[in-house]
Every structure is written in C-alpha cells, then in structure tokens.
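Test case, fold it:
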Amino acid sequence: WMIVTVLLGLGFLGLEIYEFVEYVHEGFTYTQSAFASSFYTLVGTHGLHVVIGLVWMIGLIIRNFKRGLNLYNAPKYFAASIYWHFIDVVWVFIFTVVYLMGVL
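Have a look, this model is predicted:
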C-alpha cells in the first residue's frame, strides 16, 4: 500500500504543477492579487509537505526492502501514516475553502 500511496502522491503533485502552469499561462500569477498570492502560498506549501511525505515514504519503502519490518522501525511507519493522514485532512480543508467556496 505504501507504493500505491507514493504513486498517488506523485500523481497529485503532477496535477498541482499542471494547474500552476496553466494558471500562469492564463495570466493568473502570484503578483496579480492578494487572493492569487494566498492561493499559490497555501497550495504550494501543501505541495511542499506532500513532497516531504513522499520522501519519507520512499525512505521507509527502501528500509523495508533492506531490513524488513520489525519492532524497531514499526513506529516510524505509524508516524509516517499519521503525517500522511494529517496532510490529507489539511487538503480537504484547503480544497473546500479555496476551490469549493470559490464556486459558490
């Protein structure tokens, strides 16, 4: 499941980068307005945290292939899982406020 999580995380980052590139090509840059600046800062910071989570997960996957899962490193997997779920909850909040509220 960790490999699937990494693949989904990479897909998310790819879509986020694509979105940023499209917005810049349409003239929606971070200097255009306070909303644009806040948007890029908020979504970009979340993307950075996703990158951190992906690096952590990839490190754990490599460790698992080399040493296996044992009592010493099991808490590290649990901590990474909690971190990843926290990032998910933050994304639900960001998506609701930035994307869904903008439609209403």
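
so what's the spatially most central residue of the chain up against?
Centroid-nearest residue in the chain: residue 50, 2.8 Å away (criterion: C-alpha atoms, centre = their mean). Neighbour list for residue 50: 9, 12-13, 87 [criterion: C-beta atoms under 8 Å, 6 or more residues apart in numbering]. Placement of C-beta: from N, CA and C, glycine included.

Return the list of helices and strands in contact with the helix or strand bottoming out on mean pLDDT in the chain.
When the helices and strands of the chain are scored by mean pLDDT, DSSP states H and E, helix 101-103 comes last with a mean of 75. Helices and strands touching helix 101-103, by 3 or more C-beta pairs under 8 Å, 6 or more residues apart in numbering; DSSP states H and E: there are none.

Can you show me the helices along this structure?
2-25, 34-67, 74-94, 101-103 (DSSP state H).

Determine the set of other helices and strands touching the first one.
In terms of contacts (3+ C-beta pairs under 8 Å, 6+ apart), helix 2-25 is packed against helix 34-67.

Likewise for the third one?
Using 3+ C-beta pairs under 8 Å, 6+ apart as the contact criterion, the neighbours of helix 74-94 among helices and strands are helix 34-67.

So for the closest residue to residue 67 other than its chain neighbours, what's the pLDDT?
In space, and not counting its chain neighbours, residue 67 is closest to residue 73: 7.0 Å by C-beta to C-beta, 6 or more residues apart in numbering. Looking at residue 73, its pLDDT is 85.
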